[in-house]
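Enquirer: Take a look and give me a structure for this.
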Amino acid sequence: MKMTLLGAGVRAPFVLRGLAAGAADLDLDEVVLFDTDPERLELMTALGGHFAASWGAPFTVRNEPDAESALAGARFVFSAIRPGQEAARAVDEEVPLKHGVLGQETTGPGGFAMALRTIPAMVAYGQLIERVAPNALLVNFTNPVGIVMQALHDHTSVRAIGICDGPISMQRSVAEFLGLPREQVHADYAGLNHCGWIHRVLVDGEDRLPEVLDRFEELQAADDQWALFDPELVRSIGMLPMEYLYFYYYRDTAVEHIRGSGSSRGRQLQALNDALWPVLRARIDAGDLPGAQTAWERAMGERDATYFARERGEVVAEELELGDVFEGEGYEGVATAVMAAATRRRKTPLIVDVANRGAIGALDDDDVVEVTCLVDEHGAHPIAQGRLPDAATDLLTQVKLYERRTVEAAVTGSYDAALEALLVHPLVASYPTAKRILDDYVADLPGLLPALH
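Expert: You can find the predicted model right below:
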């Protein structure tokens, strides 16, 4: 069985690690890498093949420079493309910061700009998959996941499930706090990608969320992913917020921290990757694959150690303590679980991005949401989440309107839809600011955005 990886960026080995770990459930015999950058494709194929062999993976790793050949006959497709790479991401983040608005990869104007240039490419890939791999399941990790999934749902018929490692990390953290295996803790999660909450924690039919909220300070001490939020805020919400809600609940603080850091996350990762690729080239050309592996692991360790640091206002130490980059289970674990559920025809509870179909009553059935689902060979089946607090519902409906207008702008090239998308986003909500940000994007990202008219 064949799986195709769309986008052979620096994180491709993580996907291969997940596939190797779940190999017994997947029946894969080949993984085909595709990327629009020939050198990146060559280097990641060599490094990925080295990793796969060291893990004893039962599949081969090869590449195809032609998208149609890479996708033809695939049973699964994993997507993680980034048009414009980190240089464009840096522009995405820095433009709104000039105007006092959050600059972040997926949330607010940064996610808007990324979506504008990514949606046309993803819709084209979706239509290609329909033609050359009609039975394939697309597992989408291309950011911004929720908006890309909305575009795929609205403008293709490809079977697709969007994934994010944030909710599964939350669920795992709560399970560890309660002293239970994750499989024994059912988390009801509702929202949009990077904008959602755990609102029930079921153990043997009992909701343990009230206990977790009462002991939230203890949860924070056990896992610093919760340190972003004041306990009083969390208890007033009555739900556990995912980390990206920090940008909504602490908007001004986040902007102040990022601007005060003197740079952006995109610019930081651009420098990290620009330094890594030549080292990989030299090591692989010299036949030193273990040396290439060491360089890659060091770069990924630095990337992980500095995650969310500038947003929190943290000063990163010059000498970082780097652990095992493959420790724990991230998005690759979610992707593997989705594929294993389909291959083994078993219902698996997972938090993923799919069409709503009544799961969140305040949203339309064809709005893509991020909710707890049962995933099997037929796809992801959303579980009804019941009524959410009014404040949560109000935020979700506003952000979903923004996502809808962004998809419209990306597909039709409408300047008015693009402007309205920024205007209705709760982190912008100003016509003059929205127009300045949009016009700066048009000027600063030549050739990367659809021609807006």
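
Enquirer: where do the strands sit along this structure?
Expert: Counting by DSSP state E, one finds strands in the chain at the ranges 2-6, 30-34, 60-63, 76-79, 137-140, 159-162, 186-192, 195-203, 206-207, 240-241, 348-355, 368-376, 379-382.

Enquirer: And the contacts of the last one?
Expert: This points to strand 379-382. For strand 379-382, contacts defined as Cβ atoms under 8 Å, 6 or more residues apart in numbering pick out 137, 159, 161, 338, 350, 352, 354-359, 369, 371-375. C-beta here means a position set from N, CA and C on the backbone, and glycine is covered the same way.

Enquirer: Kindly recompute the last result at 6 Å.
Expert: Strand 379-382 has contacts (Cβ atoms under 6 Å, 6 or more residues apart in numbering) with 161, 352, 354, 357, 359, 371, 373-374.

Enquirer: Grab the CA positions of the lowest-mean-pLDDT helix or strand in the chain and hand them over as CSV.
Expert: Across the helices and strands of the chain, mean confidence by mean pLDDT, DSSP states H and E is lowest for helix 309-312: a mean of 91. Presented in CSV, the C-alpha positions along helix 309-312 are these (Å, rounded to 0.1, in the frame of the first residue of the first chain):
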residue,chain,number,x,y,z
ALA,A,309,8.6,31.5,23.8
ARG,A,310,8.4,35.0,22.3
GLU,A,311,4.6,34.9,22.6
ARG,A,312,4.9,34.2,26.3
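
Enquirer: Run through the neighbouring helices and strands of it.
Expert: helix 251-260 (3 or more Cβ pairs under 6 Å, 6 or more residues apart in numbering; DSSP states H and E).

Enquirer: Please repeat the previous calculation with a cut-off of 8 Å.
Expert: Counting contacts by 3 or more Cβ pairs under 8 Å, 6 or more residues apart in numbering; DSSP states H and E, helix 309-312 packs against helix 251-260, helix 265-285.

Enquirer: what mean pLDDT does the first one have?
Expert: For helix 251-260, the mean pLDDT works out to 96.

Enquirer: same check, this time on stretch 40-60
Expert: 97.

Enquirer: what residues does it touch?
Expert: Applying Cβ under 8 Å, 6+ apart, the contact partners of stretch 40-60 are 3, 8-10, 12-13, 16-17, 19-21, 23, 28-31, 33-35, 61-63, 65, 277, 280-281, 284, 289-290, 292-293, 296.

Enquirer: What of stretch 358-368?
Expert: The contact list for stretch 358-368 (Cβ under 8 Å, 6+ apart) reads 146, 149-150, 153-154, 162, 190-192, 353-357, 369, 371, 382-388, 393, 396-397, 400, 403-404.

Enquirer: Drop anything exposed from those.
Expert: Neighbour counting by 16 or more other Cβ atoms under 10 Å classes 146, 149-150, 153-154, 162, 190-192, 353-357, 369, 371, 382-383, 385, 388, 393, 396, 400, 403-404 among the contacts of stretch 358-368 as buried.

Enquirer: measure Glu370 to Arg436 for me?
Expert: 31 Å (Cβ to Cβ, to the nearest Å).

Enquirer: Hmm, Gly126 and Ala160 touching each other?
Expert: Yes. Under the criterion of Cβ atoms under 8 Å, Ala160 makes contact with Gly126 at 7.2 Å.

Enquirer: neighbour count winner among the two?
Expert: Ranked by neighbour count (other Cβ atoms under 10 Å), Ala160 and Gly126 place Ala160 first, with 26 against 23.

Enquirer: any idea how far Tyr125 is from that one?
Expert: Relative to Tyr125, and taking Cβ to Cβ, Ala160 is found at 10 Å.

Enquirer: Find the nearest non-adjacent residue to Leu213, please.
Expert: In space, and not counting its chain neighbours, Leu213 is closest to Arg235: 5.3 Å by Cβ to Cβ, 6 or more residues apart in numbering.

Enquirer: Pick out whichever of Glu370 and Arg436 has more residues nearby.
Expert: Between Glu370 and Arg436, counting by other Cβ under 10 Å, Glu370 is the more crowded of the two (30 against 17).

Enquirer: In the chain, where is pLDDT below threshold?
Expert: Residue ranges of the chain with pLDDT under 70: 316-322.

Enquirer: Okay, and the beta partners of the spatially closest residue to Ala359 that is not a sequence neighbour?
Expert: Excluding the flanking residues, the one nearest Ala359 by Cβ to Cβ, 6+ apart is Pro382, at 3.6 Å. Counting by DSSP bridges, Pro382 is bridged to Cys373.

Enquirer: Centre of the chain to the edge, which residue is at the far end?
Expert: Distance from the C-alpha centroid of the chain peaks at Ala286, with 34.3 Å (Cα atoms, centre = their mean).

Enquirer: what are the phi and psi values for that one?
Expert: phi -80, psi 0 (degrees, to the nearest 10).

Enquirer: what about it, distance to Arg298?
Expert: When distance is defined by Cβ to Cβ, Ala286 is 17 Å away from Arg298.

Enquirer: Gly358 too?
Expert: 47 Å.

Enquirer: more crowded one of those two?
Expert: More crowded of Gly358 and Arg298, by other Cβ under 10 Å: Arg298, with 15 against 12.

Enquirer: quick revisit: using CSV, lay out the strands of the chain together with distance to Trp226.
Expert: Supplementary listing: these in CSV, determined by distance: least, Cβ to Cβ, whole Å:
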stretch, distance to Trp226
strand 2-6, 33
strand 30-34, 35
strand 60-63, 37
strand 76-79, 29
strand 137-140, 27
strand 159-162, 24
strand 186-192, 14
strand 195-203, 11
strand 206-207, 19
strand 240-241, 8
strand 348-355, 17
strand 368-376, 19
strand 379-382, 26
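
Enquirer: mind checking which of those is nearest Tyr307?
Expert: Among those, the nearest to Tyr307 by Cβ to Cβ is strand 240-241 (17.5 Å).

Enquirer: Cheers, nothing more for now.
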